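Asker: Sequence plus the predicted model coming up.
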Amino acid sequence: MIKIFRNIRQKLVVENQSIIKNTNYIKYALGEIVLVVIGILIALQVNNWNERRKSNAKFNAVLMQIYTSLDQDVEEMSINMNLFRKQAYSVDSLLNFPDKIDPTLLPSLLYYADIMPEEFTSNATQQLDLLEFDTKNIIQSRIYKSISSYILFKVDFNSYNSHPMRKVLESVDFPKPALLFSYSSINNYDYVDRTLFTEQQQKEALKLVQEQPFKNALKSALSQERLAYQMVYNQREAALELMNVIKQYYPKVKLLYQNIGIIGDASPNQNWTDNEPMTLIDESSSIWELKVRLNDGGLKFRDGNSWVANWGGDTFPDDSAIWFGSNIPVKKGYYKITLNLTEKKYQFELIKE
């Protein structure tokens, strides 16, 4: 009987050891599984982080292009606002002082009174298609929506232009001059053909402009110009606000001008073909400098070898840098030139040798 109980006890001991071994193995296996799962989760998290980082970097890169395009929009709209002011001043002179206007220019000014620019389209239109944003990122989504809304709002000036002056002038059989908004008014209308109208037509124009139908047409043109000015002003404010939103989201955003130089007959190259390169001294504010000997003549700032982006100015040695502005009248000397594209200012500092 004792032998039987001994065998049973030994059998139970063996079975218990086997159970312990199996339990330890199961624990080990479960631990391995947990470690593998944790590793996979960490890898996925790292991968997701890398993807978000790449996505954000791409978003910011395109956003910087849009920021630069918005800056160009602001400059173009500032030009148009100035041109509308100039046009309104011309119409006011036609209404109140027609006899003091150059008679060879008078008929063309009557036509120019109701000319409008082409429909304004933002420079950022194409870049918006490249702006891929994270749909889960609320801020990116809002920025995309704001840019999209800004671009979709187009100012079509000619959609409401009734051409009051053109109708009246064509009714009296005046020839129509070749005029373009902005270009024709450059340098006090130097590019207007003053030989188109005969001396008799010039006298007729002076007589007609003092009659009530012409005055009414001029008043209508003036009203259109004031409305157009306000539309451009509102769009310009929208662009500035959008630039501010982008700056708040991405404080490191900057203007993407890479090859600014001076060009003109006052430059060392003495031509309007080759740039004399400047040095970028402040990337965040887009400030450029150059020490150079200049000649008497004209000068402009240009980005690269294309005239797509260029700035001029009205006075020397310092003034506002104007998008597609006039040639800067430069005096001979050795200068340190500074161009601040964020503030749109330039300065020529004479250096004593």
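Answerer: Nice, thanks for sending it over.
Asker: any idea how far the spatially closest residue to residue 121 that is not a sequence neighbour is from residue 122?
Answerer: Nearest residue to residue 121 in three dimensions, chain neighbours excluded: residue 154, at 6.4 Å (CB to CB, 6 or more residues apart in numbering). For the C-beta atoms, the positions are set from N, CA and C on the backbone; glycine is no exception. Distance check for residue 154 against residue 122: by CB to CB, to the nearest Å, it reads 8 Å.
Asker: With residue 151 instead?
Answerer: 5 Å.
Asker: Any buried residues in stretch 111-131, and which?
Answerer: Buried residues in stretch 111-131, counting neighbours by 16 or more other CB atoms under 10 Å, are found at 111-117, 120, 122-124, 127-128, 131.
Asker: now swap in stretch 333-345 and tell me
Answerer: Per 16+ other CB under 10 Å, stretch 333-345 contains these buried residues: 333, 335, 337, 338, 339, 340, 341, 344.
Asker: Now the residues you listed in a markdown table, please, with extra columns for secondary structure and pLDDT.
Answerer: Shown next, in a markdown table, are the buried residues of stretch 333-345 (DSSP: H, G, I helix; E, B strand; the rest coil; pLDDT from 0 to 100):
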| residue | secondary structure | pLDDT |
| --- | --- | --- |
| 333 | strand | 96 |
| 335 | strand | 98 |
| 337 | strand | 98 |
| 338 | strand | 98 |
| 339 | strand | 98 |
| 340 | strand | 98 |
| 341 | coil | 97 |
| 344 | coil | 96 |
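Asker: Check the residues you listed against residue 326 and report the nearest one.
Answerer: Residue 326 has its nearest neighbour among the buried residues of stretch 333-345 in residue 344, at 14.7 Å by CB to CB.
Asker: residues contacting residue 155?
Answerer: By CB atoms under 8 Å, 6 or more residues apart in numbering, the contact set of residue 155 is 119, 120, 228, 231, 232, 235.
Asker: Residue 84 - that's part of a strand, no?
Answerer: No: counting by DSSP: H, G, I helix; E, B strand; the rest coil, residue 84 is not part of a strand but helix.
Asker: Would you mind measuring from residue 205 to residue 336?
Answerer: 50 Å.
Asker: and what of residue 160?
Answerer: Distance, residue 160 to residue 336, using CB to CB: 49 Å.
Asker: in the sheet, who's paired with residue 293?
Answerer: Per DSSP bridges, the residues bridged to residue 293 are residue 334.
Asker: Just give me the neighbour total for it.
Answerer: If you count neighbours by other CB atoms under 10 Å, residue 293 ends up with 12.
Asker: correct me, but it touches residue 266?
Answerer: No: contact between residue 293 and residue 266 fails when scored by CB atoms under 8 Å: they sit 10.1 Å apart.
Asker: got the buried residues for stretch 312-332?
Answerer: For stretch 312-332, by 16+ other CB under 10 Å, it's 312, 313, 317, 319, 321, 322, 323, 324, 325, 327, 328, 330.
Asker: Can you get me the centre-to-centre distance for the helix or strand harbouring residue 151 and its chain?
Answerer: Here residue 151, judged by DSSP states H and E, is contained in helix 138-152. Relative to its chain's centre, helix 138-152 lies at 16 Å (CA atoms, centre = their mean, to the nearest Å).
Asker: Show me what secondary structure element comes after it.
Answerer: Heading C-terminal from helix 138-152 (DSSP H and E), you reach helix 164-171.
Asker: For that following helix, enumerate the helices and strands it packs against.
Answerer: Packed against helix 164-171 by the contact rule (3 or more CB pairs under 8 Å, 6 or more residues apart in numbering; DSSP states H and E) you find helix 106-112, helix 212-249.
Asker: Return the set of buried residues in that helix.
Answerer: So, applying 16+ other CB under 10 Å, buried residues of helix 164-171: 164, 165, 166, 168, 169.
Asker: Can you give me the pLDDT of the third one?
Answerer: Looking at residue 166, its pLDDT stands at 83.
Asker: show me the contacts for it.
Answerer: Residue 166 sits next to 111, 114, 176 when contact means CB under 8 Å, 6+ apart.
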